[in-house]
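A.B. asks: Just the structure for this:
(chains A and B)
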Amino acid sequence: MNNGMHSGIDNRPAWDMGSETSKRRPLLGGILNTVWRYSRLYFWYLRANWLSLMAYPAEFVVTNIAGLVYSLGSVAAVWVLFTQVKAIGDWNYPQVLLIYGLSIFSRSLFHLFWVDLMNVSAMVRLGDIDRYLVRPLNPLFQVVAGYLDNDDYGELIAAVILVWTSLGMLGQRTVANLLWIAVSVVSGMLIFASIHIVGNAMSFMTIESRGFTSLAWTMDEFTRYPADIYGKGLRTLITWVIPVAFASFYPAQLIFRNGQLIRLALITPFMAALTFLLAYRFWTKAIDRYQGVGN
Amino acid sequence: MKYLTYTRAEFLRGMRYRANYWATLTSSLIMTLIQWYLWTAVYRHTDSIAGVGFSSMLSYSLMGRVASGFLAEPANLRIGPRVRQGTIVHDLVKPTDLHYQLLFQSLGSALFRLVSTGLPLLLVLLAAGRIRFPGAGATVAFVLSLFMGYITVFSTSFLSGVLTFYTKSGVGIDHLYTLVEFFSGMYVPLQFFPGWLRAVAERLPFKAIHYIPMAIWSGMTGPGEVAPAILSQVAWTALMVLLCRAVWFGAVRHLTVQGG
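C.D. replies: Have a look, this model is predicted:
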């Protein structure tokens, strides 16, 4: 509306300053500029989301304490099992705990930052997604940045406790390992995100995709336990087709110093990046085919 | 009985949402496979855990998956929102009792989940030879026990919903549901618990949800122990229903609906 209308007066919001300068820059500068612009935008989105969460601080605290207990409730089963046996398959208690911990770490990061992805099929059905498509911003970015989940902090704390404890039990609490944990949970988050991006992108083509979405949820379950307990076919599926095994099982192998699987452990970040790029490509193709629901 | 109409209506409502049926079925198949592989891996180094053999454990766990839809936490009792939005007055003026109405309504959707996903899964497991029927007596006891299990599941959620009358908080039992599942024996049977924790589980009503029926089905509860197990479940179930009645009537008496 006010593009060039008010000469000399720039009343764009603070986060949008300088965004148009990218047109005059060479390629690398353009990319950097885009990254800088989106980072600042993300910060403002995050701030707004956080403030809206903090509107009811008591509810927030109670919900997340409950979330912590909720996560530990399912871990209790693992603990009880190991009061009776020494191993699940070839894996001992601290190893299983670490795998379990990485699994809920990746998953809670995904829930925390990407939760609105789950609503894409509803947005498409109601036509709300059209608003995102006409804005001069990446639609996926808008979906993801638009909402910060309110009840995953408890699960995140449970995950940190689990990983920290199991690293201690394994005698592997080193800085290098902690850095690797950081790399692997971000990779795991991206893998979960990719699955849900594909599942929800279906709704641009078929409108109805809740089935794919609920199936995407179930894939999480594979990451709780060591991936080599599953049969060969399933293991191939969760390694190379829907690579959820890279969200917990393979990255843990680097911590275990497991010679056989260390190469698979090391490609974790690359698998995550590749999966994400493919999922993103699927998403943009799906949007290109989107015709709207007509309301 | 007029309340059975609610059950029927809710069952038929389930049939109208068939779009995601294949996904629900695939999900439950995946969950079953995970359980199967998990217990196979656990029993790789041992024949018996706390007196439970592999085949008995597998049948406990797989039947648990078959019944999981039936014994799932009822999703939309919406007691808290009814109070907050004041629509509860519509429920109270009806010539039906909201507690019984919800009990029979949820039974309808539980039965729908049992028939639509539990039954096909059972057939697959039977065809694959992964599950076998126990004797006729145990099967009858199991079905009876399963229905009482449902009443306990429902009562747990109902009680939690009514309690939000008092606490006025959105946090209810569904936020702590893994604890209910854990103490019900859904993850691991109660024999595996350390002594003190077993004692806690025995004093909670949740074992009636999962452990008692599945232990009867899998033979963990020996033939001589089935009758006492059923009797204790009857007692627990009756207690839960009475508790629901008492808390419900107390809540209705204290109910204040703002505006409207």
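
A.B. asks: Please count neighbours and contacts with C-alpha atoms only from this point.
C.D. replies: Noted.

A.B. asks: Would you enumerate the residues in contact with the most centrally placed residue in chain B?
C.D. replies: By C-alpha atoms, centre = their mean, chain B has its centre lying nearest to residue B:71, at 2.7 Å. Residue B:71 makes contact with B:110, B:149, B:150, B:153, B:209, B:210, according to C-alpha atoms under 8 Å, 6 or more residues apart in numbering or on different chains.

A.B. asks: Is it within a helix or a strand, and which one?
C.D. replies: Using DSSP states H and E, residue B:71 is not contained in any helix or strand.

A.B. asks: so where do the helices sit in the chain?
C.D. replies: Defaulting to chain A. For chain A, applying DSSP state H gives helices covering A:27-53, A:57-84, A:93-114, A:120-126, A:129-134, A:139-145, A:153-170, A:175-206, A:210-219, A:232-236, A:249-256, A:262-266, A:268-289.

A.B. asks: Please refer instead to chain B.
C.D. replies: Listed in chain order (using DSSP H), the helices of chain B are B:3-16, B:21-42, B:54-67, B:79-85, B:88-93, B:98-113, B:119-127, B:136-167, B:177-184, B:195-202, B:211-218, B:226-254.

A.B. asks: what's the nearest residue to residue 188 if we skip its chain neighbours?
C.D. replies: Since you didn't name a chain, this refers to chain A. Ranked by C-alpha to C-alpha, 6 or more residues apart in numbering or on different chains and with sequence neighbours excluded, the top spatial neighbour of residue A:188 is residue A:247, at 3.9 Å.

A.B. asks: should've been chain B
C.D. replies: Residue B:188 sits nearest to residue A:77 (C-alpha to C-alpha, 6+ apart), 6.3 Å away.

A.B. asks: now residue A:104
C.D. replies: Closest to residue A:104 by C-alpha to C-alpha, 6+ apart is residue A:159, at 5.8 Å.

A.B. asks: what about that neighbour, how many residues close to it?
C.D. replies: Per other C-alpha atoms under 10 Å in any protein chain shown, the neighbour tally for residue A:159 reads 27.

A.B. asks: I figured it was touching residue A:102, is that so?
C.D. replies: Yes: using C-alpha atoms under 8 Å as the test, residue A:159 is close enough to residue A:102 to be in contact (7.0 Å).

A.B. asks: any idea how far chain A is from residue B:33?
C.D. replies: Separation of residue B:33 from chain A (C-alpha to the nearest C-alpha, to the nearest Å) stands at 8 Å.

A.B. asks: Near that residue, how many other residues are there?
C.D. replies: A count of neighbours around residue B:33, defined by other C-alpha under 10 Å, yields 17.

A.B. asks: Likewise for residue B:45?
C.D. replies: 14.

A.B. asks: On the pLDDT front, check residue A:25 for me.
C.D. replies: pLDDT, residue A:25: 57.

A.B. asks: just the one 4 residues further on next, same as before
C.D. replies: With respect to pLDDT, residue A:29 scores 82.

A.B. asks: where does chain B dip in pLDDT?
C.D. replies: B:17-19, B:167-172, B:256-260 (pLDDT under 70).

A.B. asks: Excluding chain neighbours, what is closest to residue A:88?
C.D. replies: residue B:42 (4.6 Å).

A.B. asks: list the contacts for the one you found?
C.D. replies: A:85, A:87, A:88, A:89.

A.B. asks: need the residues of the stretch 51-200 of chain A near chain B, please.
C.D. replies: Counting by C-alpha under 8 Å from any C-alpha of the partner chain, the residues of the stretch 51-200 of chain A close to chain B are A:59, A:62-63, A:66-67, A:69-71, A:73-74, A:76-77, A:80-81, A:83-85, A:87-89.

A.B. asks: Just the buried residues from those, in ChimeraX please.
C.D. replies: In ChimeraX, a selection of the buried entries from these looks like this (16 or more other C-alpha atoms under 10 Å in any protein chain shown):
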select /A:59,62,63,66,67,69,70,71,73,74,76,77,80,81,84,85,87,88,89
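
A.B. asks: so what's the nearest residue to residue B:130 once chain neighbours are set aside up against?
C.D. replies: Distances taken as C-alpha to C-alpha, 6+ apart put residue B:59 closest to residue B:130, at 7.8 Å, once the chain neighbours are dropped. Residues counted as contacts of residue B:59 (C-alpha under 8 Å, 6+ apart) are B:130, B:131, B:132, B:217, B:218.

A.B. asks: Nearest to chain B within the stretch 101-250 of chain A, name that residue for me.
C.D. replies: Closest to chain B within the stretch 101-250 of chain A is residue A:211: 4.6 Å, counting by C-alpha to the nearest C-alpha.

A.B. asks: thought that residue was touching residue B:22?
C.D. replies: Yes: in this structure residue A:211 lies within contact range of residue B:22 using C-alpha under 8 Å: 7.5 Å.

A.B. asks: Specify which residue of those two has the higher count of neighbours.
C.D. replies: residue A:211 (19 against 14).

A.B. asks: what sits against that one?
C.D. replies: B:19, B:20, B:21, B:22, B:23, B:24.

A.B. asks: Just the buried subset of those, please.
C.D. replies: By 16+ other C-alpha under 10 Å, the contacts of residue A:211 give B:20, B:23, B:24 as buried.

A.B. asks: Let me know how buried residue A:167 is, in neighbour terms.
C.D. replies: 21.

A.B. asks: Correct me if wrong: it contacts residue A:175.
C.D. replies: No: when contacts are counted by C-alpha under 8 Å, residue A:167 is not listed as touching residue A:175 (11.2 Å).

A.B. asks: How about the residues of chain B by chain A?
C.D. replies: Checking chain B against chain A by C-alpha under 8 Å from any C-alpha, the hits are B:19-24, B:26-27, B:30-31, B:34, B:37-38, B:41-45, B:49-50, B:169-171, B:175-179, B:182, B:187-188, B:192-194.

A.B. asks: Try it again at 7 Å.
C.D. replies: Proximity of chain B to chain A, by C-alpha under 7 Å from any C-alpha of the partner chain, involves residues B:20, B:23, B:27, B:37-38, B:41-42, B:44, B:49, B:171, B:175-179, B:182, B:187-188, B:192-193.

A.B. asks: The residue nearest to residue B:188 contacts residue B:187, doesn't it?
C.D. replies: Yes: if you go by C-alpha atoms under 7 Å, residue A:77 and residue B:187 touch, sitting 5.9 Å apart.

A.B. asks: got any residues that touch both of these two?
C.D. replies: Shared contacts of residue A:77 and residue B:187 (C-alpha atoms under 7 Å, 6 or more residues apart in numbering or on different chains): none.

A.B. asks: Export the contacts of residue B:59 to JSON lines and append columns for distance to residue A:97 and neighbour count.
C.D. replies: Output for the contacts of residue B:59, formatted as JSON lines (distance: C-alpha to C-alpha, whole Å; neighbours: other C-alpha atoms under 10 Å in any protein chain shown):
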{"residue": "B:130", "distance to residue A:97": "29", "neighbour count": "14"}
{"residue": "B:131", "distance to residue A:97": "30", "neighbour count": "20"}
{"residue": "B:132", "distance to residue A:97": "33", "neighbour count": "14"}
{"residue": "B:217", "distance to residue A:97": "31", "neighbour count": "29"}
{"residue": "B:218", "distance to residue A:97": "29", "neighbour count": "25"}
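
A.B. asks: Just the terminal-to-terminal distance for stretch B:207-225.
C.D. replies: Terminal residues of stretch B:207-225 are spaced 16 Å apart (C-alpha to C-alpha, to the nearest Å).

A.B. asks: buried stuff in it?
C.D. replies: Residues of stretch B:207-225 classed as buried: B:207-221 (neighbour count, 16+ other C-alpha under 10 Å).

A.B. asks: ok, residues contacting it?
C.D. replies: Stretch B:207-225 is contacted by residues B:56, B:59-60, B:63-64, B:134, B:138-139, B:142, B:145-146, B:149-150, B:152-153, B:183-186, B:189, B:201, B:226, B:229, B:233 when judged by C-alpha under 7 Å, 6+ apart.

A.B. asks: ok, 8 Å please
C.D. replies: Stretch B:207-225 is contacted from outside by B:52, B:56-57, B:59-61, B:63-64, B:71, B:133-134, B:138-139, B:141-143, B:145-146, B:148-150, B:152-153, B:183-186, B:189-190, B:201, B:226, B:229-230, B:233, B:236-237, using C-alpha under 8 Å, 6+ apart.
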